[in-house]
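Visitor: Sequence and computational prediction follow.
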Amino acid sequence: MGRAWVELGGGYGRDLAELGRLGLSARGVDASAAAIAIARASGLPVVRGDALRFLSRLPERSVDVVFSNLFFNMDFGEEEHRQLFAAVRRALVPRGYHAYSVRSVSDPWYGKGKPVGPDMFDLDPDGPVMHFFSPGYARRLRGDRFRLVRSRATDEDQGRFPVRVLYFLDQKRSAGRN
């Protein structure tokens with residue numbers, strides 16, 4: 001994979017630090033002021049802000065990989081997801097990668113709390129509004145602008161907060177198909 005990476009929802013920068021150790025040029029965006037303060041104190045290239053605005057400001061076709069870990073599970077509806085995926089496509093170089101993980105509809109937390117939209121639940125007081133993904137939903141968001149390279153489901157953290165995660169690695173289709 002390429003050398004220029006962007007992380008959406010990078011938090012305090014754990015993944016950015018690791019990518020830097022691997023010699024990759026990685027930068028991130030997160031909405032949390034507290035997380036950004038921790039990341040910046042470690043010298044990591046992360047900004048506080050809205051991911052869609054951040055992606056929209058990147059030069060077109062300037063990033064090799066856009067990745068995120070559970071970022072898309074936040075309180076985004078389908079239209080917001082479509083806008084984010086379009087912004088990812090725009091920022092990626094031809095045949096660039098979109099690598100992301102999301103909580104699955106088979107997650108133990110799915111269906112808990114108050115329903116607020118399709119596959120979305122307000123988990124308060126235990127957590128935020130979460131949007132859970134099915135493989136079909138991810139396929140709709142991907143559309144014909146990405147091709148699926150790899151997908152897998154796995155169980156993680158079998159302790160207090162078990163998670164059923166879907167991992168996706170999509171590749172942006174060649175420039176002729178965009």
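Guide: Nice, I can see it. Numbering: from 1, shown residues only.
Visitor: Starting from Ile38, give me the distance back to the spatially closest residue to Met130 that is not a sequence neighbour.
Guide: The spatially closest residue to Met130, leaving aside those adjacent along the chain, is Asn73, at 5.0 Å (C-beta to C-beta, 6 or more residues apart in numbering). All C-beta atoms are positioned from the backbone trio N, CA, C, and that covers glycine. Relative to Ile38, Asn73 is positioned 21 Å away (C-beta to C-beta, to the nearest Å).
Visitor: Centroid-nearest residue for this protein?
Guide: With distances taken as C-alpha atoms, centre = their mean, Ser68 lies nearest the centre of the chain, 3.2 Å away.
Visitor: How about that residue, nearest residue that isn't a chain neighbour?
Guide: Sequence neighbours aside, Leu8 is the residue nearest to Ser68 in space, at 4.1 Å (criterion: C-beta to C-beta, 6+ apart).
Visitor: Also Ala153?
Guide: Leaving aside its chain neighbours, Ala153 sits nearest to Leu166 (5.3 Å; criterion: C-beta to C-beta, 6+ apart).
Visitor: my guess is that neighbour meets Gly136, correct?
Guide: No. With contact taken as C-beta atoms under 8 Å, Leu166 and Gly136 are classed as non-touching, separated by 11.2 Å.
Visitor: what about the chain, any weak spots by pLDDT?
Guide: Within the chain, the stretches falling below the threshold (pLDDT under 70) are 1-2, 126, 158-160, 175-178.
Visitor: Show me where it has its strands.
Guide: In the chain, the segments counted as strands under DSSP state E are 4-8, 25-30, 46-48, 63-69, 92-103, 114-117, 120-122, 129-131, 146-156, 163-172.
Visitor: Having no further points to raise, I will conclude here.
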